[in-house]
Structures are given as structure tokens and as C-alpha cells.
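Participant: just to be clear, the model below is a prediction. Sequence and coordinates:
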Amino acid sequence: MDTITALENGKSLVAEWVLESATPEPHRLDVWIATENLKAAVAAIMDAPWGYLMTITGLDHAAKLDENGQETQPGMLEGLYHFANGAAVLTLRIKIPYTATEIPSICEIIPSATIYEREFIELLGVDIFDTPDKSRLVLPDTWPVGVYPLRKSFTGLSKEQFDNKEVQA
């Protein structure tokens, strides 16, 4: 099956939940879905079976400010769930407001997703409920609570934060 057909098939599996879509490259399709539909869309892909989960990545879209420093567009995080079928890549994208960073785990559907979810929790500060393991993956145990190194607001650790041996629960 060629990649165009694979992507069309993938999109049809999640069509009922698609809010918008884009083709950033010839063999890629990005579809935005509401967070509450994430598990249903992942289950549809896996039940088909359409492909496999390659990885989960996250983005931090900082707030947009005007020339006076006033916020014109709030910032948010974004979760990207990348699935592959041969050369075709279908990405489910969810928007996560800074004010409500809780999203569901997909480990019930794809148990191996736990490693990606742990990274997402640790580096971007997303609270993934029902994930089986929230232990640290890459940051040291001495890393300060509430400091997320992949957020745009991260500018490094102060001496006080660096010396603080408090660990995240």
C-alpha cells in the first residue's frame, strides 16, 4: 500500500474526532483531536490495526505578547502521538492548556507507551492520569519539583534550586 492510501485509511479511522488536519510533508498527516477523544482515537488505530506507536512528543507554545508585554494569546502545551505504517506517519495532536495539564494515559491500549508518557510528565509537566509509572526517567532525583526543562519559560536553575535536594513525588 502506498503512503497516500495508508494516510487516507488512517484518517478515516479517526475521522469522527478530527477537528482539523494538515499535511506538513508528503508522507505525513497531522490531525488535531480533543483531549477527551485521545483514547478512542488511539484504540481505533490499534484495533484496525493501522500501524504502531513510534513515539510521543510534546511542544510548548509560549504565550504571545504585544509590544506592551500584554498577553494576546495564551500559551499551551501540545501532545503529539506519532503512529507509523511503513513510510506513512499519522500524528494525533492534542492541545493542553497550561491551566489544565491533565490528560489520559494510553497505556491501557499500548502498554509500552509508559516510557514516552514518563518523559512527557517529567520534561514538560503534563499530568498523565492512570499511567502505570510516574517515576523519573531522565532527570536526576535531585531535580527541583515543578521545574520543567522543555518549557519555554525554563531559563536554567538558580543556585538555590540546584542546591535544593527536594524530589518530585
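Facilitator: Good, I have the coordinates.
Participant: let me know the helix or strand that Ala43 is in.
Facilitator: Counting by DSSP states H and E, the element that carries Ala43 is helix 38-47.
Participant: would you map the strands across this structure?
Facilitator: 18-22, 28-33, 52-61, 64-65, 71-73, 76-85, 88-97, 102-104, 127-129 (DSSP state E).
Participant: out of those strands, the one nearest Thr114 is which?
Facilitator: strand 127-129 (9.5 Å; C-beta to C-beta). Quick note: C-beta positions are derived from backbone N, CA and C, even for glycine.
Participant: contacts only, for Leu19.
Facilitator: Val31, Trp32, Ile33, Ala34 (C-beta atoms under 8 Å, 6 or more residues apart in numbering).
Participant: now do 7 Å
Facilitator: Applying C-beta atoms under 7 Å, 6 or more residues apart in numbering to Leu19 gives the contacts Trp32, Ile33, Ala34.
Participant: most neighbours among those residues, which one?
Facilitator: Ile33 (22 neighbours; other C-beta atoms under 10 Å).
Participant: distance of Gly156 relative to Glu119?
Facilitator: Here the distance between Gly156 and Glu119 works out to 20 Å (C-beta to C-beta, to the nearest Å).
Participant: hang on, I meant Ile56
Facilitator: Distance from Ile56 to Glu119, by C-beta to C-beta: 8 Å.
Participant: rewinding a little: mind putting the contacts of Leu19 in CSV, distance to Thr142 and pLDDT included?
Facilitator: Below are those laid out as CSV (distance: C-beta to C-beta, whole Å; pLDDT from 0 to 100):
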residue, distance to Thr142, pLDDT
Trp32, 37, 98
Ile33, 37, 98
Ala34, 37, 97
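Participant: ok, those residues vs Ser12, which is closest?
Facilitator: Ile33 (14.0 Å).
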